[in-house]
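Student: 3D model of this:
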Amino acid sequence: MIVLRVLAVLLVAALAGAPDALAQTGQQLYNTYCGTCHGNPTNNKDGVLGGKDWNIIKLAMDTKPEMTAELRPIYNAGIIDDADFMSIAGYLQTFGGGASASLVMPSTINFGSQAVGVGSAVQTRNVTITGNAAVQLSSTATSSNPLEFPIVSTTCTSGTFVLPPTGSCSISVQFVPAATGARSGQITVVSNGIGSPQSFAVSGTGGAGGGQGSLSVPASVNLGSQTVGVQSSGTGFAISNPSGNAVTVTSIVSSSAAEFPIIGNSCSTVPAGGSCNVTVAFKPPAGGARSGSVTVTSNGAGSPQTIPLFGTGIATPPPSGLSVPSSLALGSQNVGIQSAGSAIVVSNPGGSSITVSSITSSSASEFPIVGNSCGIVPGGSTCTITVAFRPLAAGSRVGSVTITSNGLGSPNVVSLSGTGTSSVPTATKVTVVEYYNAGFGHYFMTADTDEIAGLDAGAFNFAFVRTGRQFNGWNGPQAGTVPVCRFFTTPGTFGAKSSHFYTADTVECDGLKFNPAWIYEKIAYYIAVPAGGLCPFGTSPIYRMYNAGQTGAPNHRFSSDFPTYSDFTTNKGWDPEGIAFCSPP
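Tutor: Numbering: from 1, shown residues only. All right, here's what the predicted structure looks like:
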């Protein structure tokens, strides 16, 4: 393999908008990524046939330097993935020598006696693997007698890989005898494993019947009491088959899907002596006694069968009022330094939910709201508002938080008090260093000295390289600074890609803490922020720009160099976001 060829593959993939490698066969993938170094697999050069196990290919990518240099970057970029390694392994398995594996068929399924024309209970068996390589299925599992032994569901489908040592796929079969007497068939699986095609036997006996089956249903179902307009979690009941023949259920219908929705149903074919379950929820549109029904239609005697439903709607009580403390003391804090925050616990002692529509501070600069879990507050529950203190001057400082809701007594006001002090902070300057991950196309920055030492020493397989850009911040609160929140993308949210995000905006920080796509990590450092678009005297602007999702995941870059900011936002498609921080000299 040569670097030029790999770069060409990267370029073609980028122009196409999606990796062409994902559509290639195992042989094409082998020729593209492996053929130059290993040649024809028949020669087993460098033991290439060991790659019949795709895990060996993936391991070699990180243990053989020449493969690490060429495969790891395009693997990190998502141009090749584990599925491609599996396809290459499947191609190598067509050659003799090296690793080998075969599928292991389950034991015979004997369905016993079953009435002619009536489906039996479904039985499921697993196809497992033996050997030291993955096996790929060439086609979906088939039945030699699909009329009487139909495959009703299977994960043994064309292209599926069964991985050693404990991998498997499943096949679910039903017996529907077309005539009396002994009946049989074969379930066949075709793969690239040794001994393919492979089969296991299915058998059963067709009986003369013995009469039509029948279901037993409840005389009625009591759904209890439920608040008007609120759906219950559901009430379950069983439908049994006490007869000697299986019964097929064709439909289960509610008389009112809005008021009595069916939210669970395991009934299809109910074998003789078996049962199934139905779950019905209750959402009364009005107070008082309510009634409805569920109708069960089947091929059993007495069908259709009706099950009466009844329950009671309870009118929603009027909202009560929120209970909040009359005041909150925030203690002493250095002038210009923001505290971590103090909690206001809001409770709802009533029986119905209360909706909080707004929470405001009398001074967002001196008493910022940095946390809020109050939205809809159910009866008997609590929520929390977190208020920070950043005194603008020394001495006694006062303010308030106003909570507006649909509860009685709204709005509720909490008085705030604190003392501004003028002691000198002990924070020291730190250097915020920028790195670039070429595999992701993402920028990253950190002021953590341990993190910097680790990345410079080659952590994450030398994926992060210094750009030569850096700026200053503080390792603790300092007059005129605010904390910078650091977030990391939740794994899997953007596929194989990940990214960090930084913000000194308390509203943005608080909002992201409740966003499932992001994980709050820590305060990265402290720094000044612009006022009216301008940095305080003696500080330098740090510009923020956004990649607009060009890499498949969000990424921001922060730079003190305006020409760099201008180049990225003018020529490289990044969105300009202005001055984010103000760096000390």
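Student: Residue 289: neighbour count?
Tutor: Burial of residue 289 is recorded as 9 neighbouring residues (other C-beta atoms under 10 Å). Yep, even glycine has a C-beta here, placed from its N, CA and C like the rest.
Student: That one: helix or strand, and which one exactly?
Tutor: In this assignment (DSSP states H and E), residue 289 forms part of strand 288-298.
Student: mind listing what's buried in that strand?
Tutor: Residues of strand 288-298 classed as buried: 290, 292-294, 296, 298 (neighbour count, 16 or more other C-beta atoms under 10 Å).
Student: export that strand as CSV, just CAs?
Tutor: Presented in CSV, the C-alpha positions along strand 288-298 are these (Å, rounded to 0.1, in the frame of the first residue of the first chain):
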residue,chain,number,x,y,z
GLY,A,288,-67.7,10.1,36.2
ALA,A,289,-68.4,6.5,35.1
ARG,A,290,-66.9,5.5,31.8
SER,A,291,-67.4,2.3,29.8
GLY,A,292,-66.2,0.7,26.6
SER,A,293,-65.2,-2.7,25.2
VAL,A,294,-62.5,-4.8,23.5
THR,A,295,-63.6,-7.2,20.7
VAL,A,296,-61.4,-10.3,20.0
THR,A,297,-61.9,-11.9,16.6
SER,A,298,-60.4,-15.4,15.9
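Student: partner strands of it, parallel or antiparallel?
Tutor: Within its sheet, and counting by DSSP bridges, strand 288-298 is paired with strand 247-254 (antiparallel), strand 305-314 (antiparallel).
Student: Can you dump the C-alpha atoms of the helix or strand following the shortest one in PDB for me?
Tutor: Helices and strands here follow DSSP H and E; after strand 247-254, the next one along the chain is strand 262-265. What follows is strand 262-265, C-alpha atoms only, in PDB (Å, rounded to 0.1, in the frame of the first residue of the first chain):
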ATOM      1  CA  ILE A 262     -54.700  -1.000  23.300                       C
ATOM      2  CA  ILE A 263     -51.000  -0.500  24.200                       C
ATOM      3  CA  GLY A 264     -49.900  -4.100  24.400                       C
ATOM      4  CA  ASN A 265     -50.900  -7.300  22.500                       C
END
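Student: for strand 262-265, packing partners?
Tutor: Using 3 or more C-beta pairs under 8 Å, 6 or more residues apart in numbering; DSSP states H and E as the contact definition, the elements that strand 262-265 packs against are strand 247-254, strand 275-280.
Student: Most tightly packed of those?
Tutor: Per residue and on average, the most neighbours among the helices and strands packed on strand 262-265 fall to strand 275-280, with a mean of 18 (mean count of other C-beta atoms under 10 Å).
Student: where in this protein is pLDDT low?
Tutor: Applying pLDDT under 70 to the chain flags residues 1-24, 96-100, 208-212, 317-319, 423-425.
Student: Where do the domain boundaries of it fall?
Tutor: Domain segmentation of the chain under automatic domain parsing yields 3-92, 104-207, 221-239+252-314, 327-421, 429-583.
Student: By neighbour count, which bits of stretch 163-181 are buried? Give me those.
Tutor: Result for stretch 163-181 [16+ other C-beta under 10 Å]: buried residues 163-164, 167-169, 171, 173-177.
Student: actually stretch 180-195, not the one I typed
Tutor: Buried residues in stretch 180-195, counting neighbours by 16+ other C-beta under 10 Å, are found at 183, 185, 187-193.
Student: Which single one of the residues you listed is nearest to residue 302?
Tutor: The nearest member of the buried residues of stretch 180-195 to residue 302, counting by C-beta to C-beta, is residue 183 at 29.6 Å.
Student: is it true that that closest one touches residue 205?
Tutor: Yes: between residue 183 and residue 205 there is a contact at 6.8 Å, judged by C-beta atoms under 8 Å.
Student: okay, and the common contacts of these two?
Tutor: Taking C-beta atoms under 8 Å, 6 or more residues apart in numbering as the contact rule, residue 183 and residue 205 both touch residue 177.
Student: Restricting to C-alpha, output stretch 376-389 in CSV.
Tutor: Coordinates of the C-alpha atoms in stretch 376-389 are reproduced here as CSV (Å, rounded to 0.1, in the frame of the first residue of the first chain):
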residue,chain,number,x,y,z
ILE,A,376,-43.8,21.6,34.9
VAL,A,377,-43.9,20.9,38.6
PRO,A,378,-46.1,17.8,39.4
GLY,A,379,-48.1,17.8,42.6
GLY,A,380,-46.1,16.8,45.6
SER,A,381,-42.7,17.4,43.9
THR,A,382,-40.0,20.0,43.9
CYS,A,383,-37.6,21.7,41.5
THR,A,384,-34.5,23.8,41.9
ILE,A,385,-33.4,27.3,40.7
THR,A,386,-29.6,28.1,41.1
VAL,A,387,-28.6,31.7,41.6
ALA,A,388,-25.0,32.9,41.4
PHE,A,389,-23.6,36.1,43.1
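Student: how about it: buried residues?
Tutor: Burial within stretch 376-389, assessed by neighbour count using 16+ other C-beta under 10 Å, is assigned to 377, 383, 385-389.
Student: which one of the helices and strands packed on strand 262-265 lies closest to residue 471?
Tutor: Relative to residue 471, the nearest member of the helices and strands packed on strand 262-265 by C-beta to C-beta is strand 275-280, separated by 59.3 Å.
Student: And the buried residues of stretch 163-181, which two are furthest apart?
Tutor: Checking the buried residues of stretch 163-181 against each other with C-beta to C-beta, the farthest-apart pair comes out as 164 and 177, at 37.9 Å.
Student: rewinding a little: out of the buried residues of stretch 376-389, which one sits closest to residue 336?
Tutor: Each of those was checked against residue 336 using C-beta to C-beta; the closest is residue 389, at 11.3 Å.
Student: The closest one: what secondary structure?
Tutor: Taken by DSSP: H, G, I helix; E, B strand; the rest coil, the conformation at residue 389 corresponds to coil.
Student: Find the nearest non-adjacent residue to it, please.
Tutor: Among residues not flanking residue 389 along the chain, residue 330 sits closest, at 4.0 Å (C-beta to C-beta, 6 or more residues apart in numbering).
Student: so who does that neighbour touch?
Tutor: The contact partners of residue 330, by C-beta under 8 Å, 6+ apart, come to 339, 342, 367, 387, 389, 416-418.
Student: And for residue 31?
Tutor: No contacts exist for residue 31 under C-beta under 8 Å, 6+ apart.
Student: Am I right that it sits in a helix?
Tutor: Yes: following the definition three-state DSSP, residue 31 is counted among the residues of a helix.
Student: Residue 202 reaches residue 187, doesn't it?
Tutor: Yes: contact status for residue 202 versus residue 187: in contact at 6.1 Å, counting by C-beta under 8 Å.
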